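[1] got a sequence here, can you model it:
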Amino acid sequence: MSQALASVLGTGAFSPIGIDARQTALFARAGKLVPRPVAFKDGRGERMGTARAMALGDDIVGVDRMLDLGARALREALIRAKLAADHKVPVLLALPEAGRLPEEEERRLDATPFLTELRERSQCPIDVAASRAVRFGSAGFVAVLEQAIARVADGPVVVGGIDSYHHASILKWLDTDKRVLGEVVHNGFIPSEGAAFLVLGPPKHDRPALAKIMHVASGLEQPKTATEPRTAELMTDLVRRASESTRWLPIPWVLCDVNGERHRSKEWSFTNIRNRGVLDLGHTKELRLYEDMGDLGAATGALYASHIVTAFEMRFAPAERALVCLASDGDARGVFALEATST
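    Sure thing, here's the model as predicted:
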């Protein structure tokens, strides 16, 4: 039996389908995602559809919107972890890739300014000096999770992810690249948004844990060339090593971040084919939460983790062990494994 790396003491989430972790998980389970038209128009003059939090006005965009999403999720996570109101905690955070927003907004997304604003907006005791943020998309959550596990022996650490596509410049960029799902773009995705956090403690903790972190690994895919396309080589290896580390054979429950784009589907298909036995079609339950939440960008890993932890807690998970596989638009890839505490 493999040893746990950390305990999950609390979680919080805020998404287009829920104002907290439990509502988000239950509405995802029920398939309640409903994309809504947005005022921004595509290149054909048609209004685009996105998934976004109904509790936030459409006039709130960009960094301000991310701060509102994050503040609510962070407060919930700390309350559920029952940390003292004045207990300062480091926050390790996955944020969207650089270069999507105007320059002034981008400066606010630097780690110190953003975490300082998040502390003020949430009224949570964030230790800004001890906190960090990474900006490379979906797999960024795995990077901060690795950092958090290295710190949990010193006290509780908060890990999370925040992202939102609700900004005119972002939607214009996605539309120009024909990435927004619509009448003429059939392999695009539904832009979404959200935030989620986990409060982590050491593997053996004096309070009940919601789940255990059993494995974390990340890396960068090797550059592609004309003679070596390298499709899914790294993800194939990460999944195989996760199975070996956890001794899960086959892996009982897997969540991937496939979002409808052809290249993402192709990579996951190759990963499946090359890991026959590890990902067993007859025994492995596969969940594509994109279908229930939309594309969550840098918030993907955190919201998937929150969903799993909540599914364990509320006893609707299809298995008591789950592996999450994340692939950024660039070369970053990562996986992490969670196990229910009752196992």
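[2] state the mean pLDDT of whichever strand or helix holds residue 147.
    Per DSSP states H and E: residue 147 is located in helix 140-149. Averaged over helix 140-149, pLDDT sits at 98.
[3] show me the shaky parts of this protein.
    For the chain, the stretches flagged by pLDDT under 70 are 1, 343.
[4] switch the cut-off to 80
    Counting by pLDDT under 80, the chain contains low-confidence ranges at 1, 84-85, 205-207, 223-230, 342-343.
[5] which parts of it are helices?
    Secondary structure of the chain by DSSP state H: the helices cover 21-30, 62-80, 103-108, 111-122, 140-149, 168-176, 233-246, 262-274, 290-293, 300-314.
[6] for burial, what's the neighbour tally of residue 219?
    Residues within reach of residue 219, counting by other C-beta atoms under 10 Å, total 16. Where C-beta positions appear, they are placed from N, C-alpha and C, glycine not excepted.
[7] the residue nearest to it when sequence neighbours are not counted and residue 5: what is the separation?
    Distances taken as C-beta to C-beta, 6 or more residues apart in numbering place residue 234 nearest to residue 219, at 5.4 Å, with adjacent residues excluded. For residue 234, the distance to residue 5 equals 21 Å [C-beta to C-beta, to the nearest Å].
[8] returning to that earlier point: which of the helices of the chain sits most buried?
    Highest mean neighbour count of the helices of the chain: helix 300-314, a mean of 27 (counted as mean count of other C-beta atoms under 10 Å).
[9] quick one: furthest residue from the center of this protein?
    Most distant residue from the mean C-alpha position of the chain: residue 227, 32.9 Å away (C-alpha atoms, centre = their mean).
[10] need the phi and psi values for that one.
    Here is the backbone geometry of residue 227 (degrees, to the nearest 10): phi -100, psi -20.
[11] thinking again about what came up before, contacts for the helix holding residue 147, please.
    Residues outside helix 140-149 that contact it (C-beta atoms under 8 Å, 6 or more residues apart in numbering) are 5-6, 92-95, 132-134, 136, 157-161, 200, 213, 216-218, 298, 300-302, 305, 326, 328, 332, 334-336.
[12] pull the number of nearby residues for the spatially closest residue to residue 313 that is not a sequence neighbour.
    Closest residue to residue 313 apart from its sequence neighbours, by C-beta to C-beta, 6+ apart: residue 210 at 5.5 Å. By other C-beta under 10 Å, the residues close to residue 210 number 23.
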